[in-house]
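Peer 1: structure for the following, please:
(4 chains)
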Number of protein chains: 4
Amino acid sequence: MSNASVNTVVVYHSGYGHTQRMAQSVADGAGAELVAVDADGNVSEAGWAALNAADAIIMGSPTYMGTVSWQFKKFADASSKPWFSQAWKDKVFAGFTNSATMNGDKLSTLHYLFTLAMQHGGIWVGTGLMPSNSKAAQRNDINYVGSFSGAMAQSPSDAGAAEMLPGDLETARLFGARVAATAAKFKA
Amino acid sequence: MSNASVNTVVVYHSGYGHTQRMAQSVADGAGAELVAVDADGNVSEAGWAALNAADAIIMGSPTYMGTVSWQFKKFADASSKPWFSQAWKDKVFAGFTNSATMNGDKLSTLHYLFTLAMQHGGIWVGTGLMPSNSKAAQRNDINYVGSFSGAMAQSPSDAGAAEMLPGDLETARLFGARVAATAAKFKA
Amino acid sequence: MSNASVNTVVVYHSGYGHTQRMAQSVADGAGAELVAVDADGNVSEAGWAALNAADAIIMGSPTYMGTVSWQFKKFADASSKPWFSQAWKDKVFAGFTNSATMNGDKLSTLHYLFTLAMQHGGIWVGTGLMPSNSKAAQRNDINYVGSFSGAMAQSPSDAGAAEMLPGDLETARLFGARVAATAAKFKA
Amino acid sequence: MSNASVNTVVVYHSGYGHTQRMAQSVADGAGAELVAVDADGNVSEAGWAALNAADAIIMGSPTYMGTVSWQFKKFADASSKPWFSQAWKDKVFAGFTNSATMNGDKLSTLHYLFTLAMQHGGIWVGTGLMPSNSKAAQRNDINYVGSFSGAMAQSPSDAGAAEMLPGDLETARLFGARVAATAAKFKA
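Peer 2: This is a model prediction of the structure:
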């Protein structure tokens, strides 16, 4: 699917590279531009411009100590500037996260990203993917981790970014495609 | 604004009439049909048919003991039938609630309604209304209670439905109009 | 550990028997009495009496459509009677849930049970168990599903209660023991 | 009430002084030491030592863009060090927040602080205060904002810290006293 006319941005923070790989998969699915939140919690001027121009903003962060990383939160706090004038109102928003544990409070992170998007007057899109949860389910099935509100990946605490599971990355790609397709319908 | 081409349904449970009044205001804003969850937690066949045919589903419940009433939850559990086939996928969803206390865990109710909508593969719309929160703010200002994720009303524990505040009801009406307008854009 | 002097009750609803098995494991760990919420959402008079007399109340429900079952919610709504007089204030509370999906919004259920406990003026205890999340982790490790706020079990959608995983049940047992031990310290 | 034998610490971040005043009230009620998270999200070595030695940790942050400030989150992320060895396990935890709006996602902040405390293996205490929510309720009543999970204050967007409402501060003081009393019972 080509969503050439839809301007989608993936804004993310990654501490050890896992969330960056996940962000790349989401961006591949969405045909999106990547905007990184750096290790100090800052986004470049070009990044802010891309966010301001976007039809859809997909937000990603690792789950650290129960919600988004402080760097991502610093970006969220800095977004009080566009919030004040509701400059991002009616954009499409979505969210994703990676952590080491199967459950591990990842839903807390997605609930926060949703809450942030609502403050911005956004429209929220989830995964639209049913979970793989029968006895025959395999770890690399689509949406095996099993999330509706946004995309989740799980990477063991001692696994490097290169070891991320293909099923989680394909789930992320499909999620990105869904967000872009939704934004395209909304923009039409 | 006419949203004649958009089919919007407000599905709600009301224990003492407050949420029903709020539902009516939301429906007035949205040009929506009302579908009641009855005192036993049931919805009529006609109600289910209306929900299945809807472009947008706006869900309302009082906040009882920290989330939706059991009657509303019974409806949510019964919606596992359309969920199983994802029959409601890509519908627009939104939510509202009333309770006696200013804060009073109303956000817990809205977070639940969001979670339910995500399981159905829906698109979520919030209030899109900035809160009235300066020193000059008045109780009947639009969005004085101050919610982004969905509409909130607050009615004192000893106030009847007839005493609901006009500001909360007008907030509900504007919220309904926003949901219908969003659904119209999405359907176009 | 004997917690003979601590009066602990596990109140739960189970739709298909999984949560009942989990409740039994929690009760085994806690030395607790079981109180069932029946298929109509009711608790017996003896059950209410046991709850009123308890030092600790451990609440369990399947996660259905994103939070506790309607039957459990009907119990929660009925608990507005002790709530009104804050009859359960300062009791120790905790919660657990089972669902088919690894993540699957189980945290939403635990967040709700916490919210309910806070309305009752309770003291909340979580699992106190670190997750098993390294590359060497096995499905039957303690807290493999990986929850802090309360105990979680995951049972595939087509697996009967007899097929529940021993690791999840042992996690539930340890969780029950922790709640009882905490209540014992609190009562001392 | 004297809780001389209980070691309670209030760790907080304040952007404009409101949360600091609230923290002072909580500390007055608890007989607690104050530990500040500074404008860069750092806590002094003495602060970390106080936290490690505490029987109870009460956490406070403004609600910014839907949850704790990035500075508080930086502290939370830095607490992964004691988390790793579960050094804070079985401490009593509690939380509070201030924001400009009556509702305004303050519950999201408290839910996050709870989630953090659970990762640390803590025991959570809420306000234990019924809300003032009848028609006769006054803004300066105890728990008028109406929270169970932790203490909330609301300060208009254009009100300085000196203008914080006495009812909110007294609510904070009573909340602090409750946490210390609970920790004392737990330690006994």
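Peer 1: count of neighbours near residue A:166?
Peer 2: Look at residue A:166: counted by other Cβ atoms under 10 Å in any protein chain shown, it has 10 neighbours. C-beta: built from backbone N, CA, C; applies to glycine.
Peer 1: give the residue spans of chain A that score low on pLDDT.
Peer 2: Scanning chain A with the threshold set as pLDDT under 70 gives A:1-4.
Peer 1: now the end-to-end length of stretch A:7-24.
Peer 2: In stretch A:7-24, first residue to last residue: 16 Å (Cα to Cα, to the nearest Å).
Peer 1: in that stretch, what's buried?
Peer 2: A:7-15, A:18-24 (16 or more other Cβ atoms under 10 Å in any protein chain shown).
Peer 1: out of those residues, list just those in strands.
Peer 2: Taking DSSP state E, the ones among those that sit in strands are A:8-13.
Peer 1: who in chain A is up against chain B?
Peer 2: Within chain A, the positions adjacent to chain B are A:86, A:89-90, A:111, A:114-115, A:118-119, A:121-128, A:130, A:148-149, A:182, A:185-186, A:188 by Cβ under 8 Å from any Cβ of the partner chain.
Peer 1: just these: which are in helices?
Peer 2: A:111, A:114-115, A:118-119, A:182, A:185-186 (DSSP state H).
Peer 1: so residue A:152 is in contact with residue A:145, correct?
Peer 2: Yes: in this structure residue A:152 lies within contact range of residue A:145 using Cβ atoms under 8 Å: 4.4 Å.
Peer 1: so what sits against both of these two?
Peer 2: A:106, A:168, A:171, C:103 (Cβ atoms under 8 Å, 6 or more residues apart in numbering or on different chains).
Peer 1: which ones are touching the third one?
Peer 2: Translated: residue A:171. So residue A:171 contacts A:127, A:129, A:142-145, A:151-153 (Cβ under 8 Å, 6+ apart).
Peer 1: so which pair among the residues you listed is furthest apart in space?
Peer 2: In the contacts of residue A:171, two members sit farther apart than any others by Cβ to Cβ. They are A:129 and A:153, at 13.0 Å.
Peer 1: higher neighbour count, the two?
Peer 2: Applying other Cβ under 10 Å to residue A:129 and residue A:153 shows that residue A:153 carries more neighbours, namely 25 against 18.
Peer 1: how much space between the more buried one and chain B?
Peer 2: Relative to chain B, residue A:153 is positioned 17 Å away (Cβ to the nearest Cβ, to the nearest Å).
Peer 1: show me where chain A has its helices.
Peer 2: Going by DSSP H, chain A shows helices at A:18-30, A:45-53, A:70-78, A:80-84, A:106-119, A:166-187.
Peer 1: CSV for these, including distance to residue B:158?
Peer 2: Shown next, in CSV, are these (distance: least, Cβ to Cβ, whole Å):
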stretch, distance to residue B:158
helix A:18-30, 50
helix A:45-53, 47
helix A:70-78, 40
helix A:80-84, 37
helix A:106-119, 31
helix A:166-187, 44
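Peer 1: rewinding a little: let me know the closest of the buried residues of stretch A:7-24 to chain C.
Peer 2: Chain C has its nearest neighbour among these in residue A:18, at 12.9 Å by Cβ to the nearest Cβ.
Peer 1: for that closest one, give me its contacts.
Peer 2: Counting by Cβ under 8 Å, 6+ apart, residue A:18 touches A:62, A:98, A:153, A:155, A:161, A:164.
Peer 1: which of those residues come close to chain C?
Peer 2: Residues of the contacts of residue A:18 in contact with chain C (Cβ under 8 Å from any Cβ): none.
Peer 1: which of these tops the neighbour count?
Peer 2: Counting neighbours by other Cβ under 10 Å, the top entry in these is residue A:98, with 32 neighbours.
Peer 1: on that earlier part again, drop anything exposed from the residues of chain A next to chain B.
Peer 2: The neighbour count (16+ other Cβ under 10 Å) marks A:90, A:111, A:114-115, A:118-119, A:121-128, A:130, A:148-149, A:182, A:185-186 as buried among the residues of chain A next to chain B.
Peer 1: who in chain A is up against chain D?
Peer 2: For chain A, the residues in contact with chain D (Cβ under 8 Å from any Cβ) are A:41, A:64-71, A:73-74, A:76-77, A:79-80, A:83, A:105, A:108, A:111-112, A:115-116, A:118-119.
Peer 1: on that earlier part again, can you list the ones in helices among the residues of chain A next to chain B in a markdown table and add distance to residue B:94?
Peer 2: Listed next are these as a markdown table, based on distance: Cβ to Cβ, whole Å:
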| residue | distance to residue B:94 |
| --- | --- |
| A:111 | 17 |
| A:114 | 13 |
| A:115 | 15 |
| A:118 | 11 |
| A:119 | 16 |
| A:182 | 16 |
| A:185 | 17 |
| A:186 | 15 |
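Peer 1: turn those into JSON lines, including distance to chain C.
Peer 2: Formatted as JSON lines, those follow (distance: Cβ to the nearest Cβ, whole Å):
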{"residue": "A:111", "distance to chain C": "8"}
{"residue": "A:114", "distance to chain C": "12"}
{"residue": "A:115", "distance to chain C": "13"}
{"residue": "A:118", "distance to chain C": "17"}
{"residue": "A:119", "distance to chain C": "20"}
{"residue": "A:182", "distance to chain C": "21"}
{"residue": "A:185", "distance to chain C": "25"}
{"residue": "A:186", "distance to chain C": "24"}
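Peer 1: let me know the closest of the residues you listed to chain D.
Peer 2: Among those, residue A:115 lies closest to chain D (Cβ to the nearest Cβ), at 3.9 Å.
Peer 1: need the contact list for the closest one.
Peer 2: B:148-149, D:66-67, D:105, D:108.
Peer 1: ok, which of these also contact chain A?
Peer 2: Of the contacts of residue A:115, the ones that also sit near chain A (Cβ under 8 Å from any Cβ) are B:148-149, D:66-67, D:105, D:108.
Peer 1: what is the nearest of those to chain C?
Peer 2: residue D:108 (10.6 Å).
Peer 1: the closest one against residue B:106, yeah?
Peer 2: No: counting by Cβ under 8 Å, residue D:108 sits too far from residue B:106 to count as a contact (11.7 Å).
Peer 1: quick one, which of those two is more surrounded?
Peer 2: Applying other Cβ under 10 Å to residue D:108 and residue B:106 shows that residue B:106 carries more neighbours, namely 29 against 25.
Peer 1: wait, the more buried one touches residue B:99, no?
Peer 2: Yes: between residue B:106 and residue B:99 there is a contact at 5.5 Å, judged by Cβ under 8 Å.
Peer 1: quickly list what's touching both of the two.
Peer 2: Applying Cβ under 8 Å, 6+ apart, one finds that residue B:106 and residue B:99 are jointly contacted by B:63, B:154.
Peer 1: let's have the contacts of residue A:18 in JSON lines, adding distance to residue D:136.
Peer 2: Putting those into JSON lines (distance: Cβ to Cβ, whole Å) gives the following:
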{"residue": "A:62", "distance to residue D:136": "48"}
{"residue": "A:98", "distance to residue D:136": "51"}
{"residue": "A:153", "distance to residue D:136": "52"}
{"residue": "A:155", "distance to residue D:136": "55"}
{"residue": "A:161", "distance to residue D:136": "59"}
{"residue": "A:164", "distance to residue D:136": "58"}
